[in-house]
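J.: coords please:
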Amino acid sequence: MSDVPPPSTPPPALPPPVAPAPAATAQQLAASGPAIQPGERAPTGATQLALPAPATPQKTEPQHHRHRLWPWLVVAAILILGGAGFLVWHHRHAKAAGGADAHGPGQGPASITVGSSHSGSMNVYVRALGTITPITTVTVFSQVTGQVTAVSFCEGQIVTKGDHLLDIDARPYQATVLQAQGTLQHDQGLLAEARMDLQRYRAAFAKGAIARQQLDDQEQLVVQDEGSVEADQGALAYDQVQLGYCHITAPLTGRIGLRLVDSGNVVFSGASTTLAVVTQLQPITVVFSVAEDDLPAVEEQLQTGRTLAVDAFDRSDEHRLESGHLTALDNEVDTTTGTVKFRAELPNAKLKLYPNQFVNARLLLKTLHQATLVPTAAVQHNGPNAFVYVVKDNAVTMQPVTVLTSDDKNTAITGLGPGVQVATTGFDRLENGVTVQVRDAGGKAPGGDASASKGGGAGGDQGGGADKGGTGDAADANGKTDSSSAGDQGDKPAGADQTSASGQDQDSHADKKDAQDHGGGGASSSP
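T.: Residues are numbered from 1 along each chain as shown. The predicted structure follows:
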């Protein structure tokens with residue numbers, strides 16, 4: 001029996017794909033009858049068309065989008081936490097500073113320092129910028145032509161009038177002098193001979209031996225010889241002067257500048273080559289410009305015959321260099337600046353002043369006697385108006401004043417008498433009628449204010465708003481002073497509320513004692 005494979009069975013045929021039902025047209029819908037409203041049943045016999053339900057798309061969120069979102073959430077959380085922390089810190093800082101900045105009920109008085117007005121004398125100055133100018137400056141030139149043979153001065157040396165500076169070759173001029181001397185001697189001999197002849201002619205004319213004409217000619221010959229001798233004397237003097245120019249000396253006492261010519265150089269007469277410059281230093285002058293508005297007051301003082309003093313200060317206007325007196329005024333006002341130039345002479349004994357040096361000049365105009373003086377820091381300005389805060393009974397009152405003159409320490413005013421206390425610091429919290437607490441320059445309240453510095457007072461200053469506890473109560477019902485209340489303790493940081501328990505106990509004991517001494521712990525400030 002042969003191995004015949006069984007006939008292969010063909011695979012079952014797949015059903016043909018079902019085409020999707022076509023969507024019902026508008027005509028079919030209209031023919032099928034009225035539309036069925038929701039909740040109604042279809043009428044019997046009505047042809048119902050099955051409408052396909054709309055496909056609901058599924059929302060799928062990409063995985064990588066979720067990974068990109070979480071860093072932003074972390075950043076947002078950090079910003080929220082940081083903002084919350086800043087608000088908490090700002091609230092605490094504002095609470096600590098409230099005792100020093102507020103003016104309402106329950107807040108502490110403004111802490112200030114005071115100065116006292118007094119009577120005294122004060123100078124009235126006219127201040128200006130000045131330049132040191134020497135009285136004399138000499139530029140030495142060569143008046144003869146020749147070679148420089150010697151230079152005898154040192155650069156920057158103080159020379160005296162007549163000191164030897166340099167020499168120029170004098171041999172040609174010495175020969176000229178000798179020649180002039182020989183000519184003079186020759187003409188002097190001719191003149192002597194003519195005079196002897198004149199005496200003989202006069203004797204002969206008296207005896208009638210010669211004519212008048214011969215005598216007259218001899219007289220005029222003598223005159224000619226006298227003229228020749230005088231000319232020779234002048235030539236000799238000129239040659240001697242030229243010889244003297246070969247030996248150059250200092251024309252004045254002063255400081256000589258840097259060397260401008262060396263030995264061996266040939267200089268020429270009338271050339272612009274400078275040999276040396278000598279500047280006078282003692283005395284010296286300062287030239288400064290004064291505004292034309294101050295000119296009438298200066299003229300008024302000069303017309304009385306007074307000598308006005310002038311002080312020269314350094315560039316920083318702190319150290320006085322020299323004092324002198326006013327010597328001259330210019331004869332016109334500079335139209336470009338509206339100023340007049342003044343000149344003052346200064347002795348410059350210690351050589352502190354140097355030519356062309358910049359200085360601050362102070363012209364003493366007059367002196368105010370028995371004027372009311374207050375510390376310069378006490379004078380405040382509101383536009384062109386000046387005023388001070390008068391301290392009386394722990395309160396300040398605004399007092400208008402008129403400023404006469406001032407310096408770094410004191411100001412002369414009118415409108416206030418001597419012996420009055422005026423505020424010198426703490427102006428940012430001052431106004432008319434504000435209660436104040438007077439402290440000394442070290443930051444502590446004088447007199448009975450020690451309890452306030454320990455916490456016995458109400459809401460005092462602590463260097464810009466530091467608060468030890470912030471309660472502000474002076475004492476409780478049992479007479480115990482709150483040691484955490486703010487007191488005037490100089491510049492204490494705002495973080496002073498982190499005081500240790502032991503320190504608070506010590507303050508509490510000290511405050512109890514102060515409270516008993518002051519009748520219940522109330523801090524008082526005496527001006």
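J.: checking S272 next. Helix, strand or coil?
T.: S272 carries the three-state label coil when classified by DSSP: H, G, I helix; E, B strand; the rest coil.
J.: before we move on, what about E155?
T.: coil.
J.: from what I can see it touches R255, true?
T.: No - the criterion here is CB atoms under 8 Å, and E155 misses it with R255 at 10.0 Å. For glycine as for every other residue, the C-beta is placed from the backbone atoms N, C-alpha and C.
J.: neighbour-wise, which of these two wins?
T.: Taking other CB atoms under 10 Å, E155 and R255 do not tie; R255 has more neighbours (19 against 11).
J.: and that one, that's in a helix?
T.: No - with three-state DSSP as the criterion, R255 is strand rather than part of a helix.
J.: residues in contact with it?
T.: 156-159, 278-279, 281 (CB atoms under 8 Å, 6 or more residues apart in numbering).
J.: swap in E345?
T.: Listed by CB under 8 Å, 6+ apart, the contact set of E345 reads 135, 283-285, 324-325, 327.
J.: per-residue pLDDT of V290, please?
T.: Here the pLDDT value assigned to V290 is 94.
J.: swap in A209?
T.: For A209, pLDDT reads 89.
J.: now the one 3 residues further on
T.: For R212, the model assigns a pLDDT of 91.
J.: so it touches A206, yeah?
T.: No - in this structure, R212 is not within contact of A206 by CB under 8 Å, at 11.4 Å.
J.: would you say L178 is within a helix?
T.: Yes - counting by three-state DSSP, L178 falls inside a helix.
J.: for the helix or strand hosting F387, the averaged confidence score.
T.: According to DSSP states H and E, F387 maps onto strand 385-392. Mean pLDDT, computed over strand 385-392, is 93.
J.: kindly report the same for stretch 162-171.
T.: Here stretch 162-171 scores 94 as its mean pLDDT.
J.: buried residues in that stretch?
T.: Neighbour-count burial for stretch 162-171 flags 165-168, 170 (criterion: 16 or more other CB atoms under 10 Å).
J.: endpoints of that stretch, how far apart?
T.: 22 Å (CA to CA, to the nearest Å).
J.: stretch 333-343 too?
T.: Note: stretch 333-343 ends 14 Å apart using CA to CA.
J.: do stretch 125-144 as well
T.: Stretch 125-144: ends 52 Å apart by CA to CA.
J.: how many neighbours does R343 have?
T.: R343, neighbours per other CB under 10 Å, totals 17.
J.: in helices, which of the buried residues of stretch 162-171 appear?
T.: Of the positions in the buried residues of stretch 162-171, not one sits in helices, assigned by DSSP state H.
J.: from the residues you listed, pick the one nearest H186.
T.: Using CB to CB, A170 comes nearest to H186 of the buried residues of stretch 162-171, at 24.4 Å.
J.: shouldn't the closest one be in contact with G146?
T.: Yes - using CB under 8 Å, A170 makes contact with G146 at a distance of 7.4 Å.
J.: can you pull the buried residues of stretch 253-269?
T.: Buried-residue list, stretch 253-269, by 16+ other CB under 10 Å: 253-257, 261, 267.
J.: what would the residues you listed look like in CSV with distance to T402 and pLDDT?
T.: Below are the buried residues of stretch 253-269 laid out as CSV (distance: CB to CB, whole Å; pLDDT from 0 to 100):
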residue, distance to T402, pLDDT
T253, 50, 94
G254, 48, 95
R255, 49, 95
I256, 54, 95
G257, 52, 93
V261, 63, 91
V267, 67, 93
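J.: per-residue confidence at the closest residue to A395 other than its chain neighbours?
T.: Distance criterion CB to CB, 6 or more residues apart in numbering; nearest residue to A395, sequence neighbours excluded, is T435 at 5.5 Å. At T435, the pLDDT value in this model is 90.
J.: check the contacts of R255 for burial and list the buried ones.
T.: Neighbour-count burial (16+ other CB under 10 Å) is assigned, among these, to 159, 278-279, 281.
J.: any chance of those residues in JSON lines with distance to M122, secondary structure and pLDDT as columns?
T.: Below are the buried ones among the contacts of R255 laid out as JSON lines (distance: CB to CB, whole Å; DSSP: H, G, I helix; E, B strand; the rest coil; pLDDT from 0 to 100):
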{"residue": "V159", "distance to M122": "44", "secondary structure": "strand", "pLDDT": "95"}
{"residue": "V278", "distance to M122": "43", "secondary structure": "strand", "pLDDT": "95"}
{"residue": "T279", "distance to M122": "38", "secondary structure": "strand", "pLDDT": "95"}
{"residue": "L281", "distance to M122": "34", "secondary structure": "coil", "pLDDT": "94"}
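J.: now those residues as TSV including distance to A377?
T.: Output for the buried ones among the contacts of R255, formatted as TSV (distance: CB to CB, whole Å):
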residue	distance to A377
V159	51
V278	50
T279	44
L281	41
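J.: of those, which is the nearest to H247?
T.: Nearest to H247 among the buried ones among the contacts of R255 is V159, at 14.8 Å by CB to CB.
J.: show me which residues of the strand holding F387 are buried.
T.: Judged by neighbour count (16+ other CB under 10 Å), strand 385-392 contains these buried residues: 386-391.
J.: of these, which pair is most distant in space?
T.: Most distant of the buried residues of strand 385-392, by CB to CB, are A386 and V391, 17.3 Å apart.
J.: what about the helices in the stretch 301-450 of the chain?
T.: 450-454 (DSSP state H, counting those that start in this stretch).
J.: list phi and psi for G415.
T.: phi 100, psi 0 (degrees, to the nearest 10).
J.: wait, it touches T402, no?
T.: Yes - under the criterion of CB under 8 Å, G415 is in contact with T402, at a separation of 5.6 Å.
J.: and for the strand holding F387, what's in contact with it?
T.: For strand 385-392, contacts defined as CB under 8 Å, 6+ apart pick out 112, 114, 374, 378-381, 396-403, 413, 416, 420-423, 427, 430, 436, 438, 527.
J.: please save the CA atoms from it in PDB.
T.: Provided in PDB are the C-alpha atoms of strand 385-392 (Å, rounded to 0.1, in the frame of the first residue of the first chain):
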ATOM      1  CA  ASN A 385      14.700 130.400  56.300                       C
ATOM      2  CA  ALA A 386      16.800 129.200  59.200                       C
ATOM      3  CA  PHE A 387      15.500 127.800  62.500                       C
ATOM      4  CA  VAL A 388      16.500 125.900  65.600                       C
ATOM      5  CA  TYR A 389      14.600 123.500  67.900                       C
ATOM      6  CA  VAL A 390      14.500 125.000  71.500                       C
ATOM      7  CA  VAL A 391      14.300 122.300  74.200                       C
ATOM      8  CA  LYS A 392      12.300 123.100  77.200                       C
END
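J.: number of nearby residues for K352?
T.: 17.
J.: how near is it to T411?
T.: To T411, K352 is 30 Å away according to CB to CB, to the nearest Å.
J.: likewise for H91?
T.: 44 Å.
J.: which of the two has more neighbours?
T.: T411 (24 against 10).
J.: find the nearest non-adjacent residue to L295, please.
T.: According to CB to CB, 6+ apart, the nearest residue to L295 is V340 (5.7 Å).
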